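Enquirer: I'll drop the sequence and a predicted model, then ask my questions.
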Amino acid sequence: EDKVVQSPLSLVVHEGDTVTLNCSYEVTNFRSLLWYKQEKKAPTFLFMLTSSGIEKKSGRLSSILDKKELSSILNITATQTGDSAIYLCAAIQGAQKLVFGQGTRLTINP
Amino acid sequence: NAGVTQTPKFQVLKTGQSMTLQCAQDMNHNSMYWYRQDPGMGLRLIYYSASEGTTDKGEVPNGYNVSRLNKREFSLRLESAAPSQTSVYFCASSEGGAGLGDTQYFGPGTRLTVL
C-alpha cells in the first residue's frame, strides 16, 4: 500500500527557534516529493524535490530529499508566528497522482 | 485571474440527499483534481481528469462521480450523501500532470457536513 508518513504530527516552539519536519514515503513509481503550507484554506506550494541530496531554499525555509532513505526534511530557521500552519508533504506517483501525508501542525508562540 | 474557484463554500446535507460541488479554473490547465481532507488524514485524491474528456479514479472514489464538463470545469457529485462524506473538499488544477513537475493550484475548499 502506498503511504506517506509525516512526523511529528504536532509541534509547538517559540519564535526564533529552528524546526525540522520529517516526511517518509513508500510509493510505487515515485517521481518527486512536494511540500505545501496550509494556513486557513487551500495548501500553497513550497518546494518540489526530484533529485536526491540537492537542497532547495526559499528564505528561511529549506528542504532536501534522500532517495536512499525514502525521506525528506523541511527546515525552518528563525521561526516567526506567521510560520504557524499545517505543513503537508506529498509524493508524486506516476504521471498524475499525489499521495499526501497526514500533515504536521506547527505552532509558533511569541 | 481568479485561479481555482469552488462553489459552494459551505453545505449541510441530510443523509441520502444529493449535491454537486462545482470547480472552475481560468489558467487554461489541462489537469484537474478533487481531494477530500479529513482531520489527521491529510488530503486524499477522489478523482482526477488528466485532460478534457477523461476522468480516472483516485484513492477514495466510492460514493462519488465526476464530470469534466469542458477544459475549465470539473464537478464532483454525491448521489446519496452519507455522514462518512463529511469533509472539506478541495479542487486543484495543474498545467500538465503532477508527474511532469507541474505545480497543483488549489481552490479555497468546500466544507460539507452530512447529518
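Expert: All right, it came through fine.
Enquirer: Test my guess that residue B:105 contacts residue B:3.
Expert: Yes. In this structure, residue B:105 is within contact of residue B:3 by Cβ atoms under 8 Å, at 5.9 Å. Placement of C-beta: from N, CA and C, glycine included.
Enquirer: quick one, which of the two is more surrounded?
Expert: Neighbours per residue (other Cβ atoms under 10 Å in any protein chain shown) separate residue B:105 from residue B:3, with residue B:105 holding more: 19 against 14.
Enquirer: check contacts around residue B:17.
Expert: B:80-81 (Cβ atoms under 8 Å, 6 or more residues apart in numbering or on different chains).
Enquirer: And residue A:106, which helix or strand is it part of?
Expert: Applying DSSP states H and E as the criterion places residue A:106 in strand A:104-109.
Enquirer: Can you list the buried residues in that strand?
Expert: A:104-106, A:108 (16 or more other Cβ atoms under 10 Å in any protein chain shown).
Enquirer: cool, and stretch A:27-35?
Expert: A:27, A:30-35.
Enquirer: Go through those residues and name the one nearest residue B:84.
Expert: residue A:27 (25.3 Å; Cβ to Cβ).
Enquirer: on that earlier part again, contact partners of the strand holding residue A:106?
Expert: A:6-15, A:17, A:19, A:21, A:76, A:79-87.
Enquirer: May I have that strand as CSV, with CA atoms only?
Expert: Coordinates of each C-alpha in strand A:104-109 appear next as CSV, following Å, rounded to 0.1, in the frame of the first residue of the first chain:
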residue,chain,number,x,y,z
THR,A,104,2.5,18.4,10.7
ARG,A,105,0.7,21.2,12.7
LEU,A,106,3.3,23.7,13.6
THR,A,107,2.5,26.4,16.2
ILE,A,108,5.0,29.2,16.8
ASN,A,109,4.4,31.0,20.1
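Enquirer: Mind checking which of the buried residues of stretch A:27-35 are in strands?
Expert: Of those, the ones assigned to strands by DSSP state E are A:30-35.
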